[in-house]
Each structure stands twice: as C-alpha cells, then as structure tokens.
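>>> Output the structure for:
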Amino acid sequence: MPNQQTALVNERFTVKTLLLTVIAVVVVGSTSLAANSGELASGEYFVTQSWLQEKKFKRPYYINVPPGAGQLKLPVFVFLHGNGGNAKGAMNSFRRGHPMMAASYIMVFPDGYLKSWNIVSERSKADDRGFIESIVEKLSTYDNVQKDNVTIMGSSNGAALVNQLAIECRLPNIRNYITSVSPLNVFQYDGRNFKAKGDDNNYRAVITPLNGKRLMNISGTDDRLVPYRGGLSRGIPAKSGKLGFVDAEESIFLWAKTMGYKGKKLSRPSRVAGNLEIFSYLDGEVVHYKVKGEGHGATHAIEEEILLEFLNNKR
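Predicted structure coming up:
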C-alpha cells in the first residue's frame, strides 16, 4: 500500500493536472453532429493547454471510429508516435499495418509537441501526461466507448511516455500499457523505486504505480539506441549526458512484481516462436517480447495477431 508521502505526491499530481489542463474539444467536419448525439465519430479533436512554451495552445489528436460500428461500444486504442514523428503519419502507418484492429477498435493518435514527448531532455516541455489523461477522460463520456477498456501503446519516445503514465496515472479507464523499444529508463526507476517526473524532469518523488494493470514490452537485442541489456544510450540526451536504461528483462520483472508477482525473475523465456523469446508473468498479464537480431525497429517483428492475443486476454 502507498505510504502517506506517496499518497500526498499522487494527490498533488492529480490537482496539478486539473489546474493546468483545460479541455477544449473542438469537433470538425462531420464530427459535430455525432458529438451532440453522444457518439464519438472520426475526426480531429483538440485539448487546450498552457505551459512555458505556449499559452492556450490547441493540441490535436485524431480519432478513427470503424465504419459501420453503429451504436456498438468499442474499446479504445491510443498510439503515441516516436521522437520526430507525428500523429497523422502514425495513424496512416498503424491503420494500414493493423486492419483487424482498425475494424474493431476506436483508434486515437495524439500529436506530440515539436514532434516529441516531454520525458527528460526533449524539445517539448509540455504536460504530456495531462494531455493524454484529458483525452482518455473525454472519450470515456461517449456512448459508443468502452470506458474501462483503454489501451495505450507507444514507440520509443512515445513508449517512454507510456511508462510515465503507467507509473503516475491514476485513471481507472486504462487497462493495458504497451511499450515498444523503450523499457524503463533510470530516471523512471532509480534502482530502488519508481519515480514521478515532476515539473523540472528531475524525478525526485518516490511513487507507487497503480495496481491491476496489464503491461507488454517489445525490445530488440541489437538496439543501438536503447541497449537491450541496459546502460547509456548512444544517441538520446539526458541532462548533461546520455539517457540510461534499465535492462529490458529486468524492467518487465519490476513491472510484474509491482502488479503482484511473487516469484523469481525468469532466467529463460516461457516460450519461443522464431526469433521471438517471450517472458510471461501472471499468466500473460505482464509479458516481454525479446526480438532477437532486431534493433530499434523491433516493433515490426510483432504481428497484429500478437497484439490482439494480448489485448483479448480475459484473465
């Protein structure tokens, strides 16, 4: 159970989000009629935020609702692009490569400010956790949304934000977190405790992640940007040096323990499929895909069926 200090930290983060993030959902084109009827529709929406770099800035996110879904309540899948990417590009690429998911999920693609997500030393200094939480809270008010079945997946810098959300977020709506080519970094877990980012990205406050979440990680053994066995990145800056990472297999074990696993760390994979070694904890509720021979593009080794298998696990 969280101690009083942790509880106070969590309360302060919740209040900060409420004070600093003003939700302004603007509906364009054909979405306005659907929004008035209580049903979410495809289109461009916005969250208005202010921070050091911007005042009342409208941050876009794009939604794709499967055609012909009618009044069915559908699960939500949020995808966070990597550093240098953008929401529209991610939407086009992900939908094209995941047709079954595009036909059965409400897909959401938020746009990172300056093509990045604020983790340690990125160009963006925006409140990205507040941005994503505002989107999730807004979507949960629509009649055609399964409000307690939200998945958030991120790639690289986007996965770092997914880790931050898994550590700090207190929303009950999020069921699944998926991180691709970015396990925990050493700011988020300092060797003893999970840490909250804070306003200055110095990760001072100890925090206990919310229990009962499902997590999946994908990492490549030949990743030169985010080393599989942990250590300093060759290219990602952090303060006055390079960003350090936790070993990928250790990272998933830490998450498994946080979610209630009581056993020892797996020294061998639970199963092997081609170049994939799968480390599964808690009957697949927390799982790591080790992609042998792949680098920072290891996400492409994970077929759509693997994602759906994880998402549809009803343990």
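
>>> Now for A69: which residues touch it?
N144 (Cβ atoms under 8 Å, 6 or more residues apart in numbering). All C-beta spots, glycine's among them, are computed from the backbone N, C-alpha and C.

>>> Do you have the strands of the stretch 51-200 of the chain handy? List them.
Along the stretch 51-200 of the chain, the segments classed as strands by DSSP state E, counting those that start in this stretch run 54-64, 74-80, 106-110, 145-155, 174-180.

>>> ranges for the helices of the stretch 101-250 of the chain?
128-139, 157-168, 248-258 (DSSP state H, counting those that start in this stretch).

>>> related to what we said a few turns ago, now for the strands of the stretch 51-200 of the chain, which one comes closest to P237?
Smallest distance to P237 across the strands of the stretch 51-200 of the chain (Cβ to Cβ): 18.6 Å, for strand 145-155.

>>> What average pLDDT does that closest one get?
Taken as a whole, strand 145-155 has an average pLDDT of 98.

>>> next one: stretch 246-265
pLDDT averaged over stretch 246-265 gives 98.

>>> so how many other residues sit close to G244?
By other Cβ atoms under 10 Å, 15 other residues sit near G244.

>>> Of all the strands of the stretch 51-200 of the chain, which one comes closest to A126?
Going by Cβ to Cβ, the one of those nearest A126 is strand 54-64, 7.5 Å.

>>> can you pull the alpha-carbon coordinates of the closest one into CSV?
In CSV, the C-alpha atoms belonging to strand 54-64 read as follows (Å, rounded to 0.1, in the frame of the first residue of the first chain):
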residue,chain,number,x,y,z
GLU,A,54,2.8,28.1,-25.2
LYS,A,55,-0.3,29.8,-24.0
LYS,A,56,-3.8,28.3,-24.7
PHE,A,57,-2.3,26.0,-27.3
LYS,A,58,-4.7,23.7,-29.1
ARG,A,59,-3.0,20.3,-29.2
PRO,A,60,-4.6,18.0,-31.8
TYR,A,61,-5.4,14.3,-31.7
TYR,A,62,-7.0,12.2,-34.4
ILE,A,63,-9.7,9.6,-34.0
ASN,A,64,-10.7,6.8,-36.3
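
>>> Mind listing residues that contact that strand?
Contact with strand 54-64 is made by 22, 24, 26, 40-51, 87-88, 91, 95, 102, 106-111, 113, 126, 131, 135, as judged by Cβ under 8 Å, 6+ apart.

>>> so that strand versus strand 74-80, what angle?
Angle of strand 54-64 versus strand 74-80, following axes from the mean of the first three to the mean of the last three Cα atoms, to 10 degrees, is 130 degrees.

>>> in strand 54-64, what's buried?
Under the neighbour-count criterion of 16 or more other Cβ atoms under 10 Å, strand 54-64 has 59-64 buried.

>>> now, among these, which is nearest to K195?
After measuring those against K195 - Cβ to Cβ - the closest member comes out as R59, at 25.3 Å.

>>> what is the closest one paired to in the beta sheet?
V47 (DSSP bridges).

>>> so which of the strands of the stretch 51-200 of the chain gets nearest E309?
strand 174-180 (12.0 Å).

>>> Okay, now the unreliable bits of the stretch 201-315 of the chain?
By pLDDT under 70, the weakly predicted segments of the stretch 201-315 of the chain are 314-315.
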